[in-house]
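S.K.: sequence-free structure coming up:
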């Protein structure tokens with residue numbers, strides 16, 4: 001089968017697929033306390049408390065010592081599809097203190113003190129306040145830690161989330177009246193929390209992406225089969241994805257999807273591009289995303305077999321099931337297809353492996 005679609009349409013299809021992954025499940029109960037995290041997004045109150053129903057709210061990560069010469073602070077909330085986070089990085093080697101309002105500061109093209117907000121929607125769209133080297137920055141978040149103790153951190157924040165902070169000052173969301181009161185975490189969790197044994201991993205551009213459920217209580221790995229007929233043509237998609245604890249410096253995500261005109265039945269599936277920038281050769285189709293924290297914020301990869309390159313993505317199911325609640329296993333790789341924001345370089349993915357519960 002061969003069908004011809006524009007490259008732009010293919011990109012838009014990615015967004016449709018990933019948006020469809022969002023779940024309307026109720027949140028998990030977390031034992032009661034007076035801790036909270038809240039803010040207004042375009043004037044609409046978003047409020048989360050540990051004695052209410054929400055998905056994930058953990059702690060305020062504020063180490064006592066520096067990491068590779070800089071001090072950092074991170075907190076936020078996340079559910080199974082999106083995450084909102086608050087960040088301070090001080091690359092001058094000065095500890096983060098209470099009572100100081102942190103903003104993005106740019107000096108000779110290098111960010112020395114960095115305060116920013118970030119919103120990841122459906123693991124595909126990322127909006128942040130300025131973390132670019134533009135001088136002056138387009139917009140700067142304002143974050144103040146009002147009280148720091150050994151046991152908790154209180155703070156306030158505001159700012160604007162940009163459509164694309166590297167190229168445009170266009171505002172996506174305005175964040176106001178942000179405040180939080182959360183228990184303090186001084187170091188990444190070192191203990192193993194046996195809440196699951198799912199995992200997904202792979203190497204892109206020398207970076208190993210790995211999410212293991214058993215390593216942290218906030219790590220999530222899941223897989224699923226989905227049917228889509230929004231375009232008038234029925235297609236079948238298999239997706240597997242993982243996201244680690246967003247509060248830790250090692251935060252990363254990795255998600256892959258393959259699309260077929262018929263239901264999946266196991267074995268090996270290979271997606272190919274035809275080297276023609278105006279067409280894409282039939283089925284299967286391949287989409288993916290990956291994300292991790294670096295010293296200057298989040299690094300994002302978009303996984304797509306560029307029709308202008310002769311690329312290939314392969315998945316092999318070593319244990320196949322479509323039964324919800326059972327584990328599916330496999331390996332995957334690509335020859336091209338992972339692009340970073342603002343770059344035309346395309347990187348392969350190697351050593352891809354997964355074990356995930358079907359939802």
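M.R.: Yes, it's here. These numbers come from a predicted model, not from an experiment.

S.K.: Next up, the contacts around residue 332.
M.R.: Counting by C-beta atoms under 8 Å, 6 or more residues apart in numbering, residue 332 makes contact with 202, 256, 313, 314, 315, 316, 349, 352, 353, 354. Bear in mind the C-beta positions are built from the backbone N, C-alpha and C, glycine included.

S.K.: Could you rerun that using 10 Å?
M.R.: Taking C-beta atoms under 10 Å, 6 or more residues apart in numbering, we find residue 332 in contact with 200, 202, 240, 256, 258, 269, 286, 288, 313-317, 349-354.

S.K.: quick one: what helix or strand has it in it?
M.R.: Per DSSP states H and E: residue 332 is located in strand 327-340.

S.K.: picking up where we left off before, let's see the PyMOL selection covering just the buried ones among the contacts of residue 332.
M.R.: Remark: buried members of the contacts of residue 332, expressed as a PyMOL selection using 16 or more other C-beta atoms under 10 Å:
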select buried, resi 200+202+240+256+258+269+286+288+313+314+315+316+317+349+352+354
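
S.K.: In helices, which of the contacts of residue 332 fall?
M.R.: Using DSSP state H, no member of those sits in helices.

S.K.: So which of the contacts of residue 332 sit within strands?
M.R.: Within these, residues falling in strands by DSSP state E are 200, 202, 240, 256, 258, 269, 286, 288, 313-317, 349-354.

S.K.: How about residues contacting stretch 142-150?
M.R.: So stretch 142-150 is in contact with 60, 62, 64, 73, 75, 86-88, 95-104, 115-117, 129, 153-159, 175, 178-181, 184, 186, going by C-beta under 10 Å, 6+ apart.

S.K.: what about that stretch, average pLDDT?
M.R.: For stretch 142-150, the mean pLDDT works out to 94.

S.K.: Over to stretch 100-117?
M.R.: 71.

S.K.: just stretch 323-337 next, same as before
M.R.: Summarised as a single mean, pLDDT over stretch 323-337 is 90.

S.K.: Residue 265 and residue 317 touch, don't they?
M.R.: Yes - contact status for residue 265 versus residue 317: in contact at 9.0 Å, counting by C-beta atoms under 10 Å.

S.K.: Neighbouring strands of the helix or strand where residue 46 lies in the sheet, and parallel or not?
M.R.: Using DSSP H and E, residue 46 sits within strand 44-49. Its sheet considered, strand 44-49 pairs with strand 36-41 (antiparallel) by DSSP bridges.

S.K.: Name the surrounding residues that touch the strand it pairs with.
M.R.: The contact list for strand 36-41 (C-beta under 10 Å, 6+ apart) reads 45-52, 54, 57-58, 60, 75-77, 84, 86, 117, 119, 154-159, 161, 172-182.

S.K.: So which of the residues you listed sit within strands?
M.R.: Per DSSP E, the subset of those in strands is 45-49, 54, 57, 60, 75-77, 84, 86, 117, 119, 154-159, 161, 172-182.

S.K.: Check the residues you listed for burial and list the buried ones.
M.R.: Among the ones in strands among the contacts of strand 36-41, those classed as buried by 16+ other C-beta under 10 Å are 48-49, 54, 57, 60, 75-77, 84, 86, 117, 119, 154-159, 161, 172-173, 175, 178, 180-182.

S.K.: three-state assignment of residue 324?
M.R.: Assigned by DSSP: H, G, I helix; E, B strand; the rest coil, the conformation of residue 324 is coil.

S.K.: try residue 231
M.R.: Recorded secondary structure, residue 231: coil (three-state DSSP).

S.K.: State the pLDDT value of it.
M.R.: 70.

S.K.: tally of neighbours for it?
M.R.: Residue 231: 11 surrounding residues under other C-beta atoms under 10 Å.

S.K.: Distance of it relative to residue 82?
M.R.: Relative to residue 82, residue 231 is positioned 25 Å away (C-beta to C-beta, to the nearest Å).

S.K.: From start to finish, how long is stretch 251-271 in a straight line?
M.R.: Stretch 251-271 stretches 29 Å from its first residue to its last (C-alpha to C-alpha, to the nearest Å).

S.K.: Pull out the buried positions in it.
M.R.: Neighbour counts using 16+ other C-beta under 10 Å place 251-260, 264, 269, 271 of stretch 251-271 among the buried residues.

S.K.: out of those, what pair is the most spread apart?
M.R.: Distances among the buried residues of stretch 251-271 were taken as C-beta to C-beta; the most separated pair is 251 and 260, at 31.7 Å.

S.K.: What residue spans form the domains of this structure?
M.R.: Here the domain parsing of the chain from automatic domain parsing is 7-22+191-358, 31-185.

S.K.: Point out where the stretch 51-200 of the chain drops to low pLDDT.
M.R.: Where the stretch 51-200 of the chain drops to pLDDT under 70, the residues are 51-58, 67-69, 78-81, 105-111, 122-124, 130-139, 164-168, 187-196.

S.K.: Excluding chain neighbours, give the residue nearest to residue 321 in space.
M.R.: residue 328 (5.4 Å; C-beta to C-beta, 6 or more residues apart in numbering).

S.K.: burial measure for the one you found, as a count.
M.R.: 24.

S.K.: dump the residue contacts of it.
M.R.: Counting by C-beta under 10 Å, 6+ apart, residue 328 makes contact with 198, 223-225, 238, 240, 264, 266, 317-322, 354-358.

S.K.: who does it bridge with?
M.R.: The partner list for residue 328 in beta bridges (DSSP bridges) reads residue 356.

S.K.: repeat for the one 10 residues further on
M.R.: For residue 338, the beta-bridge partners under DSSP bridges are residue 303, residue 347.

S.K.: ok, it touching residue 291?
M.R.: No - the pair residue 338 / residue 291 is not scored as a contact, 11.3 Å apart, by C-beta under 10 Å.
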